[in-house]
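Asks: the amino acid sequence is not available; the structure is as follows:
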């Protein structure tokens, strides 16, 4: 007879498998690699299904079938405005039996997609790593309900969050074993000290904001005694070498990276004494949801650090490129200045997690190999970033935007819990979220020609009394682009920083907002809100359209630019990520991979604008809301209402 603990473990393993199958089917249908057929009630014979009950037309859900060659997968799902199927994992069946084996699903998938054996074998490893790591996370997540999750410190909460919903193998971390994940993965909830090295200026690229220097940076990571001990160790290591301490700078390194890549790949520098290993020291750090960015848990207001980890996770190796190191600090500082000088950004309290310094140690031998894999050019680097806590105001709390997508294992979401705690209606709460998040991001694009990849891990949401009060954006080394035309509003950006940034034509730059933010976040948030509250998806996008439209009406001087960056276009491009891995495989490349395009999508924000325009012909005194029975849209008012935060 099995014990309750064994039953729970088996249940969580089943859940990990079913969630991966559901995510795979959902995303591959979305990417148009697979076709889902809606089943009629007459197609569903309970005897044929082996007793599996599929929910039909319950809460907007229907039953679907996907054929993988001769193998049928059936499930219950709701179809969203983004042409996405939100699949109920427990409803999955394979050949009329409950589907609980994600690896068997992968084998079925291979036949349907005709993936190369070499590529598929590597992808299967990626999937198995993901399953293992997801199971570890679920074991910890099971201890908390939604309200308890909201009480956790941010580093603890990040370790329990779902990974990127767009990627099937989203916790693969190829290169890490079980012990590595248990020590360094977000879901490990472990803290650790960093390794410290001293790099000679001959192999070092660095950039600092203002008077900030190496001593300031390292002193923010340890006590004075620890810093003096580090300096003493460097002096002793250089004795008799002819090198001087003043020609070296301290640089932190991830413990795993030092053992697996720096020690063997930079042995030439360690022998030449142009790189000195000084051991572990200083404050304790905990990994954020992005595994290479670490929070200082000893002193939470001190800098976060982003360290190179040569591990293949989701789309690429998680190194630190040299490109932005010398001038990257100018980018975030310019943005921070804009949030103070620009009246709209100041009023909406947009915050920038500045990246005031960066260091990179080059590998001159790899640099001489033309077309060498990019991972060899990103092995040893560090970016210092303002912590989320350091920008938090009195009475606020904060969490990653991706946390709003999170559910506990009972199916209750954090966003539902926040809305209920706020004493606002769902519509009022969403209006406030759009006001402090989507409008400032759009304003950055329109006025300054700045495109920010504001996905769930790059945006921090601040709350007062459970109401969104502000956002902070981060990660500007590669996740920020500019319009390929000169705008006077960009004049204050340092030329050396501007020269580094990718320039895109207006029709491409708008995708940083449409794809990087709306599709990456709202594609999943709007159906979750519809499931957990009384607000239908149509109303969600009517509310968003109302905020954007009000912004445009208030800024008539940018009428031409609204045409450049048209968020109300009827259709938007469908960005595909998973099929890229099937195409390029896992071999090394000189450049990071790029996504593919599918057929166009109907733009839900356009639909929201149409619905908003229709309300202008109705009675504006109609009560806010959506008829729960027929989802009829009602006029939405109070779009400029101020809430007590």
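Replies: That came through fine. Just so we're clear, the structure is a prediction, and the values are computed from it rather than from any experiment.
Asks: so what's residue 138 closest to, chain neighbours aside?
Replies: residue 12 (4.6 Å; CB to CB, 6 or more residues apart in numbering). Every residue, glycine included, has its C-beta placed from N, CA and C.
Asks: and what of residue 548?
Replies: In space, residue 548 is closest to residue 567, 5.8 Å off (CB to CB, 6+ apart).
Asks: residues near that neighbour, how many?
Replies: Neighbourhood size, residue 567 [other CB atoms under 10 Å]: 25.
Asks: are we agreed that it is in a strand?
Replies: No - according to DSSP: H, G, I helix; E, B strand; the rest coil, residue 567 belongs to no strand; its state is coil.
Asks: residue 344 is in contact with residue 443, isn't it?
Replies: Yes - under the criterion of CB atoms under 8 Å, residue 344 makes contact with residue 443 at 5.4 Å.
Asks: neighbour count winner among the two?
Replies: More crowded of residue 344 and residue 443, by other CB under 10 Å: residue 443, with 20 against 16.
Asks: so which strand or helix has the more buried one?
Replies: Per DSSP states H and E: residue 443 is located in helix 438-448.
Asks: so what does that helix touch, helix or strand wise?
Replies: Applying 3 or more CB pairs under 8 Å, 6 or more residues apart in numbering; DSSP states H and E, one finds that helix 438-448 contacts helix 328-341, helix 343-347, strand 450-452, helix 511-513, helix 537-554, helix 559-564.
Asks: buried set for the longest one?
Replies: Of the residues in helix 537-554, those buried by neighbour count under the rule 16 or more other CB atoms under 10 Å are 537-549, 551-552.
Asks: please tabulate the helices and strands packed on helix 438-448 in TSV, including the columns mean pLDDT and distance to residue 31.
Replies: Below are those laid out as TSV (pLDDT from 0 to 100; distance: least, CB to CB, whole Å):
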stretch	mean pLDDT	distance to residue 31
helix 328-341	96	32
helix 343-347	98	35
strand 450-452	94	23
helix 511-513	92	16
helix 537-554	97	20
helix 559-564	97	28
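Asks: okay if I get these as a markdown table plus distance to residue 75?
Replies: Converted to a markdown table, the helices and strands packed on helix 438-448 look like this (distance: least, CB to CB, whole Å):
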| stretch | distance to residue 75 |
| --- | --- |
| helix 328-341 | 44 |
| helix 343-347 | 44 |
| strand 450-452 | 36 |
| helix 511-513 | 31 |
| helix 537-554 | 20 |
| helix 559-564 | 41 |
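Asks: nearest to residue 609 among these would be which one?
Replies: Of all those, it is helix 537-554 that lies closest to residue 609, at 4.2 Å by CB to CB.
Asks: residue 162 is in contact with residue 405, isn't it?
Replies: Yes - using CB under 8 Å, residue 162 makes contact with residue 405 at a distance of 6.5 Å.
Asks: just to revisit the earlier point, between the buried residues of helix 537-554, which sits nearest residue 209?
Replies: Closest approach between the buried residues of helix 537-554 and residue 209, by CB to CB: residue 551, at 31.1 Å.
Asks: skip the chain neighbours and tell me the closest residue to residue 141.
Replies: Per CB to CB, 6+ apart, closest to residue 141 is residue 160, 4.9 Å.
Asks: which residues touch the one you found?
Replies: With contacts defined as CB atoms under 8 Å, 6 or more residues apart in numbering, residue 160 is in contact with 137, 140, 141, 144, 149, 152, 187, 406.
Asks: ok, now how distant is the nearest residue to the first one once chain neighbours are set aside from residue 354?
Replies: For residue 137, the nearest residue in space outside its immediate sequence neighbours is residue 187; the separation is 3.9 Å by CB to CB, 6+ apart. Shown here: residue 187 relative to residue 354, a distance of 28 Å by CB to CB, to the nearest Å.
Asks: show me which parts of stretch 343-351 are buried, residue by residue.
Replies: 344, 345, 348, 349, 350, 351.
Asks: surely the second one and residue 339 touch.
Replies: By that I understand residue 345. Yes - in this structure residue 345 lies within contact range of residue 339 using CB under 8 Å: 4.5 Å.
Asks: for residue 393, which three-state class applies?
Replies: Here residue 393 is recorded as coil under three-state DSSP.
Asks: how close does it get to residue 462?
Replies: Going from residue 393 to residue 462 by CB to CB gives 7 Å.
Asks: joint contacts of those two?
Replies: Jointly contacting residue 393 and residue 462 under the rule CB under 8 Å, 6+ apart are 469, 470.
Asks: between these two, which one's more packed in?
Replies: residue 462 (23 against 13).
Asks: tell me if I'm right that that one and residue 437 touch.
Replies: No - if you go by CB under 8 Å, residue 462 and residue 437 don't touch, sitting 10.5 Å apart.
Asks: tell me, what's touching the two both at once?
Replies: Applying CB under 8 Å, 6+ apart, one finds that residue 462 and residue 437 are jointly contacted by 468, 471.
Asks: tell me the SS of residue 294?
Replies: Here residue 294 takes the strand state, with states given by three-state DSSP.
Asks: which SS state does the closest residue to it other than its chain neighbours fall under?
Replies: Closest residue to residue 294 apart from its sequence neighbours, by CB to CB, 6+ apart: residue 285 at 3.9 Å. Following three-state DSSP, residue 285 is assigned to strand.
Asks: what's residue 285 in contact with, if anything?
Replies: Contacts of residue 285 by CB under 8 Å, 6+ apart are 191, 192, 193, 194, 294, 295, 296, 297, 305.
Asks: can you check the pLDDT for the most far-flung residue of the chain relative to its centre?
Replies: When distances are taken from the C-alpha mean of the chain, residue 240 lies farthest, 48.2 Å away, according to CA atoms, centre = their mean. Model confidence at residue 240, expressed as pLDDT, equals 94.
Asks: quick check on it: phi, psi?
Replies: phi 80, psi 0 (degrees, to the nearest 10).
Asks: can you list contacts of stretch 368-381?
Replies: For stretch 368-381, the surrounding residues in contact (CB under 8 Å, 6+ apart) are 197, 199, 251, 253, 257, 261-262, 265-266, 307-308, 310, 317, 319-322, 325, 358-361, 363, 366-367, 588-592.
Asks: per-residue confidence for the residue nearest to residue 141?
Replies: Predicted confidence (pLDDT) for residue 160: 98.
Asks: how close does it sit to residue 402?
Replies: From residue 160 over to residue 402 the distance is 11 Å, taken as CB to CB.
Asks: ranges for the helices of the stretch 101-250 of the chain?
Replies: Counting by DSSP state H, counting those that start in this stretch, the stretch 101-250 of the chain has helices at residues 102-113, 117-141, 146-149, 154-160, 178-184, 214-219, 224-238.
Asks: need the contact list for residue 598.
Replies: Neighbours of residue 598 in contact, by CB under 8 Å, 6+ apart: 31, 32, 573, 574, 575, 576.
Asks: how close does residue 508 get to residue 558?
Replies: Taken as CB to CB, the span from residue 508 to residue 558 is 19 Å.
Asks: follow-up on the earlier one: ok, the residue nearest to residue 548 - contacts?
Replies: Each residue near residue 567 by CB under 8 Å, 6+ apart is listed here: 442, 510, 513, 514, 518, 548, 603, 605.
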